[in-house]
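Undergrad: Have a look; sequence and predicted model below, questions after that.
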Amino acid sequence: MRKPWSARAILAPVVAATLIGTAACSGSSGTTTNQAAPPPKASENQINPKSRDQVKDGGTLTWALSGFPANFNYYELDGTDVDASYVNLAMMPQLYNYEADATPVWNKNYLASEPVLKTDPKQVVTFELNPKATWNDGAPITWEDLYWQWKSTSGADKAYNISASNGYENIESVAKGKDDHEAIVTFKTKYADWQSLFTPFYPASTNKDPKTFNAGWQKSPLKTTAGPFKFDSADATAKTITLVRNEKWWGDPAKLDKIVFRAIEPNAQVDALANGEIDFVDIGSNVDAYQRALKISTAEIRKAAGPNFRHLTINGTSTVLSDVKVRQALAQAIDRTAIAKALTGPLGIDPKALNNHIFMSNQAGYQDNSGDIGKYDVEKAKAGLDAAGWKLNGDTREKDGKKLEINFVIPTGVKSSEQESQLVQNMLAQVGAKVKINAVPVDDFFDKYVTPGNFDMTVFAWIGTQFPVSSAKSIYANPTKNAKGELDIQQNYARVGSPELDTTFNNATAELDKTKAATLANQADAQIWQEVHSLTLYQRPELIATKKDLANFGAKGFASVIYENIGFVK
């Protein structure tokens, strides 16, 4: 889910974070190979596509989540994880859907015509909303819903605890057009990825009050929705959320009767699939789970490329890691290629370290910006720590009486996190840094540890969007103070940034020429490497084990999930 937004989920304009570490894969076979394979093309996916007349009417899809979301508002800081996004996108309006190659396609369920873009003298986009589109409480969807989505997420009002202001901060106004169904969006600065905005958007009533925005979605999803499914019930104790077919939906009716989301520890999900308790699982880079999934006679493995990667986030406000020289030295002590080999090699994947925070290796724009920081060199790491004043005393370095001890927080039940943290622990021990691995409950991982900064290092996956440059911005933006005087990090869990980096990102997102924008984005990436905000580890395409008869669903890559078309083959 970049959480969002290149986050913790696949949504624009932010990204989403996820806890499951899946490995890269390629081809259509469900078997491993001894020959290492590069990441598949970015436009490839496997969802068992079927026409609607080939799909049964009715049935229940049981969907495994890695945890029960802390907040179901995807735009709120605690809500931008991939699990919350999966629930929301079944119920909420999205102005655009995306094809397998990331091409945006305007959504006829919510738009009456293709949006009109003008760029001179100012960038102006006119959205004509579908007059048939209504919230399930009977209220029409109007320009005011877009207006309040902008007002709540622009970052101007610090009372809103937002996860990102990407794109919305560029808007000057959202105004009524010829009628209530026409919205005219005027930008104060150009924004290339304008098609990422308002996907999803919510009822104006939920965005007018910051308290409702921040806390109104903490126990369950919103009851006022406008999608093929609607909210039915949530049970935080049983960790389930149930959605049912929305009888007021004006588009093609959902094939499924209901979707039941169940939070299950990631390491237990393959067994749940084998036992018929769930219908699919993102199996991760757990080789044992992969091999067990291959043996499930009723299941198959679907594969796709995706803008997803595992990474190591380093807390720049940590007492032992606040010095950039220390972060640089420790980065050089971590053999990222060895980590990639350990996690993806057993699956037959070419074990290469990822050397870009914005573009994946199979995306246009990718280049290696890691420089000396990304090169594994134990002797340079030792020299760097010496120069920073951390002197070896026995097995562990010290400075001013303080030991170089690192609190490495991981979620329980995530095999990839366990492996990665142990590898880093062994590597940093070679240069005199003692890593203490702290496994915490999966439901608390982001809410109580990552978001408030209660860690020195951590590891998870960013799941990106179809807009790699703009979606990355909130992850690396320089943190500012909110209305309470607290640090507003958006998605910058490392709390590392600079005004110079912000300027580079702003220039990149304002550049309408894709080649020039990519050049600026790579300049930003080079700055990220030097600041050692985080270390990219390896690319994480999708590897999904799913029941064979599940249609229009699976390893989607860049494509949108069309929830009303999901079902079981006749």
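TA: Here it is on my side, so go on.
Undergrad: Now do the helices in the protein.
TA: Applying DSSP state H to the chain gives helices spanning 82-88, 143-153, 204-207, 210-215, 269-274, 287-294, 324-332, 336-344, 378-387, 415-429, 468-476, 499-510, 514-531.
Undergrad: Identify, out of those, the most deeply packed stretch.
TA: helix 468-476 (a mean of 30; mean count of other CB atoms under 10 Å). From N, CA and C alone the C-beta is placed, and that goes for glycine too.
Undergrad: same for that helix, what does it pack against?
TA: helix 499-510, helix 514-531 (3 or more CB pairs under 8 Å, 6 or more residues apart in numbering; DSSP states H and E).
Undergrad: now it: mean pLDDT?
TA: For helix 468-476, mean pLDDT is 92.
Undergrad: what's the angle between that helix and helix 514-531?
TA: Orientation of helix 468-476 against helix 514-531 (axes from the mean of the first three to the mean of the last three CA atoms, to 10 degrees) gives an angle of 20 degrees.
Undergrad: Thought residue 222 was touching residue 136, still the case?
TA: No - assessed by CB atoms under 8 Å, residue 136 is found out of contact with residue 222, at 10.2 Å.
Undergrad: could the helices and strands packed on helix 468-476 go into TSV alongside distance to residue 270 and mean pLDDT?
TA: Formatted as TSV, those follow (distance: least, CB to CB, whole Å; pLDDT from 0 to 100):
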stretch	distance to residue 270	mean pLDDT
helix 499-510	39	96
helix 514-531	35	97
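Undergrad: Make a markdown table from the ones you listed and add distance to residue 408 to it.
TA: Formatted as a markdown table, these follow (distance: least, CB to CB, whole Å):
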| stretch | distance to residue 408 |
| --- | --- |
| helix 499-510 | 25 |
| helix 514-531 | 20 |
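Undergrad: Count the neighbours of residue 178 for me.
TA: Applying other CB atoms under 10 Å, we find 9 residues neighbouring residue 178.
Undergrad: Next: the one 4 residues further on.
TA: The number of residues packed around residue 182, counting by other CB under 10 Å, is 17.
Undergrad: roughly how far apart are it and residue 175?
TA: For residue 182, the distance to residue 175 equals 9 Å [CB to CB, to the nearest Å].
Undergrad: residues bridging contact with these two, i.e. touching both?
TA: Common contacts of residue 182 and residue 175 (CB atoms under 8 Å, 6 or more residues apart in numbering): residue 143.
Undergrad: any weak-confidence spans in the stretch 1-150 of the chain?
TA: Within the stretch 1-150 of the chain, the segments meeting pLDDT under 70 span 1-40, 42.
Undergrad: Please, where are all the strands along it?
TA: 16-18, 60-65, 96-98, 104-106, 116-118, 124-128 (DSSP state E, counting those that start in this stretch).
Undergrad: tell me the most buried of the ones you listed?
TA: Mean neighbour count (mean count of other CB under 10 Å) peaks for strand 16-18 among the strands of the stretch 1-150 of the chain, with a mean of 30.
Undergrad: Endpoint to endpoint, stretch 369-379 covers what distance?
TA: For stretch 369-379, the first-to-last residue distance is 22 Å (CA to CA, to the nearest Å).
Undergrad: cool, stretch 538-556 as well?
TA: 19 Å.
Undergrad: and of the strands of the stretch 1-150 of the chain, who's closest to residue 390?
TA: Smallest distance to residue 390 across the strands of the stretch 1-150 of the chain (CB to CB): 30.4 Å, for strand 16-18.
Undergrad: which residues touch stretch 333-343?
TA: 21, 23, 285, 310, 312, 351-354, 374, 376, 378, 381-382, 416, 419-420, 423-424, 427-428, 430-431, 433, 535-538.
Undergrad: Put the alpha carbons of it into PDB.
TA: C-alpha atoms of stretch 333-343 as PDB (Å, rounded to 0.1, in the frame of the first residue of the first chain):
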ATOM      1  CA  ALA A 333      27.600  -2.200   6.100                       C
ATOM      2  CA  ILE A 334      24.400  -3.700   4.700                       C
ATOM      3  CA  ASP A 335      24.800  -6.100   1.800                       C
ATOM      4  CA  ARG A 336      21.500  -5.500   0.000                       C
ATOM      5  CA  THR A 337      22.300  -8.000  -2.800                       C
ATOM      6  CA  ALA A 338      22.800 -10.700  -0.200                       C
ATOM      7  CA  ILE A 339      19.400  -9.900   1.200                       C
ATOM      8  CA  ALA A 340      17.800 -10.000  -2.200                       C
ATOM      9  CA  LYS A 341      19.500 -13.300  -2.900                       C
ATOM     10  CA  ALA A 342      18.300 -14.800   0.400                       C
ATOM     11  CA  LEU A 343      14.700 -13.700  -0.100                       C
END
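Undergrad: for the record, mean pLDDT for it?
TA: Here the average pLDDT along stretch 333-343 is 96.
Undergrad: List the residues that contact residue 375.
TA: Contacts for residue 375 (CB under 8 Å, 6+ apart) come out as residue 332.
Undergrad: For it, give its distance to residue 157.
TA: The value you get for residue 375 to residue 157, if CB to CB is used, is 44 Å.
Undergrad: now swap in residue 241 and tell me
TA: 29 Å.
Undergrad: Neighbour count: those two, which is higher?
TA: The neighbour comparison of residue 241 against residue 157 (other CB under 10 Å) goes to residue 241, with 27 against 14.
Undergrad: Burial check on the nearest residue in space to the more buried one that is not next to it in sequence, number of neighbours?
TA: Closest residue in space to residue 241, ignoring its immediate chain neighbours: residue 261 at 4.3 Å, by CB to CB, 6 or more residues apart in numbering. For residue 261, the count of nearby residues is 23 (other CB under 10 Å).
Undergrad: Do you know the pLDDT at residue 261?
TA: 98.
Undergrad: From here on, call the first residue 825.
TA: Understood, numbering begins at 825; the last thing we discussed is residue 1085.
Undergrad: OK, contacts around it?
TA: 887, 888, 889, 907, 910, 911, 1064, 1065, 1066, 1067.
Undergrad: Surely the last one and residue 1053 touch.
TA: This means residue 1067. Yes - using CB under 8 Å, residue 1067 is in contact with residue 1053, at 4.1 Å.
Undergrad: Now the common contact residues for these two.
TA: With CB under 8 Å, 6+ apart, residue 1067 and residue 1053 have common neighbours 914, 915, 1082, 1083.
Undergrad: farthest pair in those residues?
TA: Pairwise over these, using CB to CB, the maximum falls at 915 and 1082, 12.4 Å.
Undergrad: Name the residue in these two with the higher neighbour count.
TA: Using other CB under 10 Å, the more surrounded residue of residue 915 and residue 1082 is residue 915, with 25 against 16.
Undergrad: Please report the distance of that one from residue 1291.
TA: 23 Å.
Undergrad: What of residue 1265?
TA: Note on residue 1265: its distance to residue 1291, by CB to CB, is 33 Å.
Undergrad: Which one's more surrounded, these two?
TA: residue 1291 (28 against 14).
Undergrad: Quick check: the spatially closest residue to the more buried one that is not a sequence neighbour vs residue 1011, distance?
TA: Distances taken as CB to CB, 6+ apart put residue 1017 closest to residue 1291, at 4.1 Å, once the chain neighbours are dropped. The gap separating residue 1017 from residue 1011 is 11 Å, by CB to CB.
Undergrad: pLDDT value on the closest residue to residue 1116 other than its chain neighbours, please?
TA: Distance criterion CB to CB, 6+ apart; nearest residue to residue 1116, sequence neighbours excluded, is residue 1094 at 5.2 Å. Confidence at residue 1094, expressed as pLDDT, is 95.
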